[in-house]
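Enquirer: Below is the sequence, then the predicted model.
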Amino acid sequence: MKNYIKYIFAFVCITMVSACQKYVDIKKSGSQSFIETTNDIQLILDNYDLFNVNYPLDGEISADDYYMDDNRYNSDVIQAEDKALYIWQPTAIRASATAWVASYNKIYHCNLILEALDKLQPTDPPAVVNNLRGSALFLRAYALWPLAQIYIKPYSDANLQEPGLPIHTKSDINDVPGRGTVKQTYDAIIKDLGEAAGLLNAASSIASRPNKAAAYAMLARVYLSMGDYPNALASADAALKIKNDLINFNTLNPDSYNPFPRFNKEVIFHSVIDQQNSVLEVGYGDEDKALIAPEIVNAYQDNDLRKQLYVKENLDVPDPSGTYRFIGNYEGAVGSAALFNGLAVDELYLIRAECYARANQTASAVSDMNKLLVTRWSTGTYPGFSAGNADDALTEILLERRKELLMRGLRWTDLRRLNMENRFAKTLARSVNGRAYTLPANDPRYTLLIPQEVITFSKLPQNIR
């Protein structure tokens with residue numbers, strides 16, 4: 001294990017030296033650092049290429065919001081590893097630890113910052129220091145949670161003692177925590193986010209920086225993935241009390257290359273999945289690989305503006321009419337090969353509405369859905385959201401969740417948690433070259449294999465297929 005920790009931090013030190021050499025001096029041991037001022041810490045936290053990009057994409061590749069036709073699947077452009085993940089091969093595995101290292105690189109830098117704050121004697125106001133500490137805690141949890149969605153089993157009473165993730169709370173390369181358990185992994189995430197919520201400023205000057213609303217929003221997302229709906233409700237409510245802006249989709253241009261501005265007013269914390277050269281690459285004409293699932297496209301009604309702003313029909317060769325690509329990316333940067341997976345207000349309304357429905361508070365659930373959906377329909381055409389009872393409301397809310405959060409990196413997590421309820425369990429199915437592939441609910445393949453590079457260097461136990 002120590003060999004692999006050192007292997008990871010070889011990458012980490014390279015990143016640190018190249019990005020922050022002016023401000024941080026890494027000792028040869030890799031176990032200590034010197035950060036001279038709180039301004040140095042803020043400069044590290046503002047490293048967008050470190051903290052806001054390169055989140056794992058393999059859950060989204062494995063999910064069912066998109067498909068590939070045979071021509072796409074058979075293309076030499078598609079990596080063999082992506083093809084294996086797409087059809088849920090039991091042996092599907094990444095050779096490289098790129099996504100794993102990127103995540104633990106984030107965690108390593110957060111630990112450096114937290115240790116520096118413990119050693120510094122800053123003269124800054126307490127609010128400044130608290131915000132820096134809260135930012136590091138938030139980002140440490142934010143990096144760990146996506147790994148938990150693909151490399152450990154879903155959170156449930158039956159899985160609490162199953163293998164979890166290594167939980168690093170020190171920058172010392174000799175700190176060797178092992179895998180721990182599912183419960184320990186989620187406990188660490190919740191603890192960091194809870195502390196962050198008490199330390200962070202209510203708002204930040206730019207959406208790439210954490211803030212109090214982001215901490216509560218991430219707590220809501222995490223609790224939802226755990227099936228802890230009361231705490232998800234409380235957290236979503238706390239975040240919405242700070243930030244509840246919604247975009248009126250009538251103000252957007254469906255003919256735009258990307259209708260959604262980057263850092264738009266719904267975004268609470270901005271981060272992206274880098275999907276360039278993967279099967280998820282979308283929005284680039286003939287280079288598109290992902291086609292949006294017809295069941296989603298057909299679920300949008302005619303006056304629902306998401307049918308124009310989230311998806312666009314393919315009319316050019318080689319794509320026949322009747323297939324659709326995704327354009328509703330909150331990343332918004334022209335030419336960006338990334339998918340937004342950050343925190344936004346629309347997700348919070350959906351979380352709170354779902355939790356209200358599960359708590360048999362139908363009127364409150366309906367109210368939240370109406371607040372959200374009226375902004376998504378053509379002016380004067382919204383028919384209103386209604387439900388006869390809480391169960392009906394929940395079913396409709398989950399459908400709207402899938403339509404609203406399309407290609408946000410959340411579908412795989414939703415499948416994992418909803419599969420544990422018989423009424424929402426789903427068998428995924430794909431057809432490639434005339435052969436059918438399926439993924440039943442709660443199948444062991446919902447926990448992906450840890451990259452081979454990690455297993456080789458660390459000797460961590462591999463997930464069981």
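Expert: Good, I have the coordinates.

Enquirer: Surely N244 touches D346?
Expert: No. Judged on C-beta atoms under 8 Å, N244 makes no contact with D346 at a distance of 10.3 Å. No exception for glycine: its C-beta is placed from N, CA and C like everyone else's.

Enquirer: Between these two, which has more neighbouring residues?
Expert: Neighbour comparison, N244 and D346: the larger count goes to D346, with 21 against 13 (by other C-beta atoms under 10 Å).

Enquirer: so what's the more buried one up against?
Expert: Contact partners of D346, counting by C-beta atoms under 8 Å, 6 or more residues apart in numbering, are L246, E266, L372, E404, L405.

Enquirer: what's the distance between the residue lying closest to the third one once chain neighbours are set aside and V366?
Expert: Nearest-residue entry for L372: Y349, 4.3 Å, with adjacent residues in sequence omitted and distances by C-beta to C-beta, 6 or more residues apart in numbering. Using C-beta to C-beta, to the nearest Å, Y349 is found at 12 Å from V366.

Enquirer: before we move on, back to that, tell me which helix or strand comes right after the host helix or strand of the residue nearest to L372.
Expert: Secondary structure from DSSP states H and E places Y349 in helix 345-358. Using DSSP H and E, the next helix or strand after helix 345-358 towards the C-terminus is helix 362-373.

Enquirer: The closest residue to N253 other than its chain neighbours: what's it in contact with?
Expert: Nearest residue to N253, sequence neighbours excluded (C-beta to C-beta, 6+ apart): P259, at 5.9 Å. For P259, the contact set (C-beta under 8 Å, 6+ apart) comprises L252, N253, L309, I327, G328.

Enquirer: what do you get if the cut-off is 7 Å, keeping everything else the same?
Expert: Counting by C-beta atoms under 7 Å, 6 or more residues apart in numbering, P259 touches L252, N253, L309, I327.

Enquirer: Surely the last one is in contact with F260?
Expert: Spelled out, it's I327. No. I327 is beyond contact range of F260, at 8.7 Å (criterion: C-beta atoms under 7 Å).

Enquirer: picking up where we left off before, for PyMOL, write a command that selects the buried ones of the contacts of D346.
Expert: Of the contacts of D346, the buried ones go into a single PyMOL selection, burial set by 16 or more other C-beta atoms under 10 Å:
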select buried, resi 246+266+372+404+405
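
Enquirer: and the gap between N370 and Y229?
Expert: For N370 relative to Y229 (C-beta to C-beta), the value is 21 Å.

Enquirer: Ok, A236 next?
Expert: In terms of C-beta to C-beta, A236 sits 10 Å off from Y229.

Enquirer: Now for the two: what residues contact both?
Expert: Common neighbours of A236 and Y229, counting by C-beta under 7 Å, 6+ apart, are C355.

Enquirer: and those two? which has more neighbours close in?
Expert: Neighbour comparison, A236 and Y229: the larger count goes to A236, with 28 against 17 (by other C-beta under 10 Å).

Enquirer: Only the buried residues of the helix or strand hosting the more buried one, if you could.
Expert: Using DSSP H and E, A236 sits within helix 229-242. For helix 229-242, a neighbour-count test (16+ other C-beta under 10 Å) marks Y229, N231, A232, L233, A234, S235, A236, D237, A238, A239, L240, I242 as buried.

Enquirer: CA atoms only: put it into CSV for me.
Expert: Provided in CSV are the C-alpha atoms of helix 229-242 (Å, rounded to 0.1, in the frame of the first residue of the first chain):
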residue,chain,number,x,y,z
TYR,A,229,-34.6,11.5,3.0
PRO,A,230,-35.3,13.5,6.2
ASN,A,231,-31.8,14.9,6.2
ALA,A,232,-31.8,15.4,2.4
LEU,A,233,-34.9,17.5,2.9
ALA,A,234,-33.4,19.6,5.7
SER,A,235,-30.2,20.2,3.7
ALA,A,236,-32.0,21.1,0.5
ASP,A,237,-34.2,23.5,2.4
ALA,A,238,-31.2,25.1,4.1
ALA,A,239,-29.5,25.6,0.7
LEU,A,240,-32.7,27.0,-1.0
LYS,A,241,-33.0,29.6,1.8
ILE,A,242,-29.7,30.9,0.7
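
Enquirer: So which residues make contact with whatever helix or strand comes next after it?
Expert: Moving toward the C-terminus from helix 229-242, the next helix or strand (DSSP H and E) is strand 267-269. Identification of contacts with strand 267-269 by C-beta under 7 Å, 6+ apart yields A207, P210, A213, A214, A217, K243, Y330, G342, L343, A344, V345.

Enquirer: now do 10 Å
Expert: Contacts of strand 267-269 with the rest of the structure, by C-beta atoms under 10 Å, 6 or more residues apart in numbering, involve 52, 138-139, 142, 203-204, 206-218, 239, 242-243, 245, 247, 260-261, 330-332, 340, 342-348.

Enquirer: Just the buried ones from those residues, in PyMOL syntax?
Expert: Applying 16+ other C-beta under 10 Å to the contacts of strand 267-269 leaves a buried subset, and the PyMOL line that selects it is:
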select buried, resi 52+138+139+142+204+207+208+209+210+211+212+213+214+215+216+217+218+239+242+243+247+260+330+331+332+340+342+343+344+345+346+347+348
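
Enquirer: Helix, strand, or coil at L339?
Expert: Counting by DSSP: H, G, I helix; E, B strand; the rest coil, the backbone at L339 sits in strand.

Enquirer: what does I464 give?
Expert: coil.

Enquirer: ok, it - how many residues close by?
Expert: Under the criterion other C-beta under 10 Å, the count of neighbours that I464 has is 10.

Enquirer: for N54, same thing?
Expert: N54, neighbours per other C-beta under 10 Å, totals 21.

Enquirer: Identify the residues contacting it.
Expert: Taking C-beta under 10 Å, 6+ apart as the test, what N54 contacts is 98-99, 101-103, 105-106, 143, 271-274, 338.
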